[in-house]
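**Q** Here is the input, now give the coordinates:
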Amino acid sequence: MKREIRVIVIGAHPDEPDIYAGGTAAFFAEMGHKVKFLSLTDGCCGHYSQHGPELVRRRMAEAQEAAHRLGIEEYEVLDTPDGQLLPDIRVRHQVIRRIREWQADIVVAFHPDGGNHADNRYAGKVVSDAASFVALTPNAVPDVPCLKKSPLFLLMPDYSMKHRYKPDLVIDVERVVEKKLLACDAHASQFYEFTPWQAGFLDEVPSSWEDKKRFLLRYWGEFMYASGEMMPGLEKWYGKERAAAVKYAEPFEIAPYSRRPDDEEIRALFPMLG
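**A** Numbering: from 1, shown residues only. Okay, the predicted model is just below:
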């Protein structure tokens, strides 16, 4: 019987786990493993006309639809208001609880010291602060049993620091990119309304799915396509010939605060590399 791998991807806002790790999550789900997405804020700043509880409910519903499209187990959105995330004890304890309750083997989060978006940076900081307590520390957050082994902590490069990361692990997601695009499509408030309004291309939003795919790949291509920065990681795990042919990929860096698995364990934890 194959071992079940349990993954939690932690972002600052609903839609971030999808855009940065949606393909990898879809791979895990297809292979029978368990994935949870966690947003540390409620996304209430993410629109130009909707606001308050109406927008929060909409974004939570979008998250659940995205989870369904990816095939993952859970998509939880916490109630900290968007734009007000701080790496304090309350949020740290929330993160410790979620990692323990999920019994995570792999935790994916933002960089704690990168990016210009305060929520994203603080989301990375709070996970880094939580990392020391999730395993073998029973007296920290004692209401949830601690893990017996520390997870592997990976970092995903957010949009404002994309070119300052080490591609320790890069996943070829071409086979599941349609699911990733469908997950983004579920977050219509972000990909078809708020960001196009902010960036001035709201009038370009199409209606058919084929046109929407092209639209998403055009404006969010940096989170979809393989790039030169990813090539060392692709070549390590897939070999030079296959790496050169990879079209869609997701990069991850082993967090400096994480334990350092050997290549054999990486391949066991990421069976899609086989």
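
**Q** Please, which helix or strand holds the residue of the chain most remote from its centre?
**A** Outermost residue of the chain with respect to the C-alpha centroid, by C-alpha atoms, centre = their mean, is residue 139; its distance is 29.0 Å. Under the criterion DSSP states H and E, no helix or strand holds residue 139.

**Q** what sits against it?
**A** Not one residue lies near residue 139 by C-beta atoms under 8 Å, 6 or more residues apart in numbering. All C-beta spots, glycine's among them, are computed from the backbone N, C-alpha and C.

**Q** Distance check, it against residue 129.
**A** 17 Å (C-beta to C-beta, to the nearest Å).

**Q** So in this protein, which helix runs the longest?
**A** helix 52-70 (DSSP state H).

**Q** List the neighbours of the next helix or strand along the chain from it that are in contact with it.
**A** Toward the C-terminus, helix 52-70 is succeeded by strand 74-77 as the next helix or strand (DSSP H and E). The contact list for strand 74-77 (C-beta under 8 Å, 6+ apart) reads 14, 17, 36-39, 41-43, 56, 59-60, 63-64, 66-67, 98.

**Q** returning to that earlier point: tell me the mean pLDDT over the longest helix of the chain?
**A** Helix 52-70 shows a mean pLDDT of 98.

**Q** Where do the strands of the chain begin and end?
**A** 6-11, 34-39, 74-77, 106-110, 152-156, 169-172, 249-254 (DSSP state E).

**Q** Can you add mean neighbour count and distance to residue 239 and give these back as JSON lines?
**A** As requested, the strands of the chain are exported to JSON lines (neighbours: other C-beta atoms under 10 Å; distance: least, C-beta to C-beta, whole Å):
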{"stretch": "strand 6-11", "mean neighbour count": "26", "distance to residue 239": "25"}
{"stretch": "strand 34-39", "mean neighbour count": "25", "distance to residue 239": "27"}
{"stretch": "strand 74-77", "mean neighbour count": "20", "distance to residue 239": "34"}
{"stretch": "strand 106-110", "mean neighbour count": "27", "distance to residue 239": "23"}
{"stretch": "strand 152-156", "mean neighbour count": "25", "distance to residue 239": "22"}
{"stretch": "strand 169-172", "mean neighbour count": "24", "distance to residue 239": "11"}
{"stretch": "strand 249-254", "mean neighbour count": "23", "distance to residue 239": "14"}
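
**Q** wait, which of those strands is closest to residue 207?
**A** Residue 207 lies closest, by C-beta to C-beta, to one member of those: strand 74-77, at 25.8 Å.

**Q** Please name the strands paired to that closest one in the sheet, noting orientation.
**A** Using DSSP bridges, the strands paired with strand 74-77 are strand 34-39 (parallel).

**Q** list the buried ones in the longest helix of the chain?
**A** 55-56, 58-60, 62-67, 69-70 (16 or more other C-beta atoms under 10 Å).

**Q** what does stretch 26-46 give?
**A** 26-29, 33-44, 46.

**Q** Just checking the distance from it to the centre of its chain.
**A** 7 Å (C-alpha atoms, centre = their mean, to the nearest Å).

**Q** Throw the strands of the chain into a markdown table and include distance to residue 271 and mean pLDDT, thanks.
**A** Formatted as a markdown table, the strands of the chain follow (distance: least, C-beta to C-beta, whole Å; pLDDT from 0 to 100):
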| stretch | distance to residue 271 | mean pLDDT |
| --- | --- | --- |
| strand 6-11 | 12 | 98 |
| strand 34-39 | 13 | 99 |
| strand 74-77 | 21 | 98 |
| strand 106-110 | 12 | 98 |
| strand 152-156 | 14 | 97 |
| strand 169-172 | 11 | 98 |
| strand 249-254 | 15 | 98 |
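
**Q** Kind regards, and thank you for your time.
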